[in-house]
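> Have a look at this prediction, sequence included:
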Amino acid sequence: MVDTSAPFPRLVLDPALPAEVAATLRTSPDALHAVRAGAVPRPYAPNPVLVCAVTVLLLLALALAGPWGMIALGAAVTGLGGAQALAGDPKLREARRRLRVAHRHAGRYILPEDLDERCGELLARAQRAVAEVLESRVNRDGLLDAIANTVTLPSELWRLGVRLADLTRTRREHERIVPRDVPADIAGMFTPYDQVLERAHRSLAARVESLEDYAREVRRADAVYRAYRQLGVLRERTPDYERLLAETAEDETALPAVEGLSGQAHEVERVFRSSIEEARRAGTHLLLLSAA
């Protein structure tokens with residue numbers, strides 16, 4: 001269960017990553033943060049003293065026992081080296097492996113520290129909206145099958161995360177370049193650059209709002225769906241209610257109420273179908289916006 005109330009953004013992965021790579025990255029926060037901090041995996045470097053010693057032994061074996069002796073000694077040394085490698089610290093080897101994977105795919109994930117406060121807030125809102133849609137009952141029951149939520153929503157999150165990270169980099173660079181004490185008579189010269197950043201932010205905010213609109217429609221559809229399912233249970237028991245009402249009615253004024261029981265179920269079903277269509281329309285709008 002995803003915490004839809006989390007105020008901070010979470011890791012975003014490129015949905016095109018192979019499943020095993022994505023699983024490694026998702027479970028390697030230390031390696032991801034280390035790579036962002038500039039860590040680089042060290043290439044394997046054999047011990048030069050050991051290499052010289054092995055070389056001398058092989059040459060002695062060749063001189064004393066011929067080629068077959070050298071081959072036998074080489075096999076023994078190789079086996080010993082493999083055993084030493086296996087006997088190494090498994091936690092250290094695993095940490096190095098994860099660091100290599102994180103470094104190799106450094107451009108395929110977005111971390112919270114890749115975003116400034118404003119962009120981080122937008123990504124967190126988008127993640128909450130996506131989580132709400134994917135975890136909704138109407139989505140899990142396939143009632144939104146016209147929209148491939150499990151494909152389109154992670155892709156939209158990734159595109160949004162990439163653009164937010166790019167905006168953050170540009171904005172941070174802008175803040176480093178533009179002096180804080182700009183003279184009033186030339187401050188206006190920086191305004192066009194500020195406006196470009198704000199326009200880009202508003203554009204991304206609009207995409208987030210589209211996700212939130214979709215989540216809002218899905219939330220309504222979910223509430224109606226729950227009522228629809230509950231009423232379905234009652235509808236199966238309508239004859240019991242009709243009998244009870246008929247037995248307690250003193251005159252024929254109760255008959256319209258008896259007939260109205262079935263009508264209530266049909267009305268809820270109509271509202272339910274309408275809410276599903278509204279959710280699908282919101283999702284279609286989101287798809288068109290994502291493709292733009």
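Thanks, I have it. Numbers count the residues shown, from 1 in each chain.
> can you map out the helices along the stretch 1-150 of the chain?
Assigned by DSSP state H, counting those that start in this stretch, the helices in the stretch 1-150 of the chain fall at 19-26, 29-36, 48-86, 90-104, 117-134, 137-140, 149-177.
> Those helices: lowest mean pLDDT?
Mean pLDDT across the helices of the stretch 1-150 of the chain is lowest at helix 48-86; the value there is a mean of 53.
> Can you give me the neighbour number for Y225?
19 (other Cβ atoms under 10 Å). Just so you know, the C-beta spots here come from the backbone N, C-alpha and C atoms, and that holds for glycine as well.
> for it, what are its contacts?
The contact partners of Y225, taken as Cβ atoms under 8 Å, 6 or more residues apart in numbering, are R137, V138, D141, L143, F272, S275, I276.
> is it fair to say it lies in a strand?
No - using DSSP: H, G, I helix; E, B strand; the rest coil, the assignment for Y225 is helix, not a strand.
> distance of the closest residue to E132 other than its chain neighbours from V138?
Nearest residue to E132 in three dimensions, chain neighbours excluded: A215, at 4.4 Å (Cβ to Cβ, 6 or more residues apart in numbering). The spacing between A215 and V138, counted by Cβ to Cβ, to the nearest Å, is 12 Å.
> ditto for S203
S203 sits 29 Å away from V138, going by Cβ to Cβ.
> Can you pick out the residue with more neighbours from these two?
Counted by other Cβ under 10 Å, S203 and V138 do not tie: V138 has more neighbours, with 24 against 11.
> Make sure that one is actually in contact with A223.
No - counting by Cβ atoms under 8 Å, A223 is not a contact partner of V138; they are 9.8 Å apart.
> picking up where we left off before, just flag the most distant two among the contacts of Y225.
D141 and S275 (13.6 Å; Cβ to Cβ).
> Mind checking which of the two has more residues around it?
S275 (22 against 12).
> how close does the more buried one sit to E247?
S275 is 36 Å from E247, by Cβ to Cβ.
> Equivalent analysis for G107, please.
73 Å.
> need the helices for the stretch 151-292 of the chain, in chain order.
Going by DSSP H, counting those that start in this stretch, the stretch 151-292 of the chain shows helices at 191-236, 238-248, 255-291.
> now P41: how far from R171?
Counting by Cβ to Cβ, the gap from P41 to R171 is 31 Å.
> cool, and E278?
The value you get for E278 to R171, if Cβ to Cβ is used, is 36 Å.
> V133 now?
29 Å.
> what's the answer for R243, then?
Distance from R243 to R171, by Cβ to Cβ: 70 Å.
> okay, now L32: neighbour count?
22.
> So S136 is in contact with A221, correct?
Yes - using Cβ under 8 Å, S136 makes contact with A221 at a distance of 7.5 Å.
> If you count surrounding residues, which of those two has more?
A221 (28 against 21).
> mind checking pLDDT for Y225?
84.
> Over to V218?
Taking V218 on its own, its pLDDT is 89.
> and it, how far is that from I276?
For V218, the distance to I276 - Cβ to Cβ - is 9 Å.
> out of those two, which sits in the busier spot?
Remark: of V218 and I276, V218 carries more neighbours, 30 against 21, as counted by other Cβ under 10 Å.
> wait, what's in contact with the more buried one?
Applying Cβ under 8 Å, 6+ apart to V218 gives the contacts E132, V133, S136, V138, N139, L144, A279, A282.
> Now distance to R26 too, for the residues you listed, in CSV please.
Shown next, in CSV, are the contacts of V218 (distance: Cβ to Cβ, whole Å):
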residue, distance to R26
E132, 20
V133, 20
S136, 23
V138, 27
N139, 22
L144, 25
A279, 29
A282, 29
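> How many residues are close by L122?
Neighbours around L122, by other Cβ under 10 Å: 23.
> and if you look at R42?
Quick note: R42 (other Cβ under 10 Å) scores 9 neighbours.
> same thing with Q230?
By other Cβ under 10 Å, neighbour count at Q230 equals 11.
> my read: R172 touches L115, true?
No - R172 is beyond contact range of L115, at 10.2 Å (criterion: Cβ under 8 Å).
> and these two? which has more neighbours close in?
Between R172 and L115, counting by other Cβ under 10 Å, L115 is the more crowded of the two (23 against 11).
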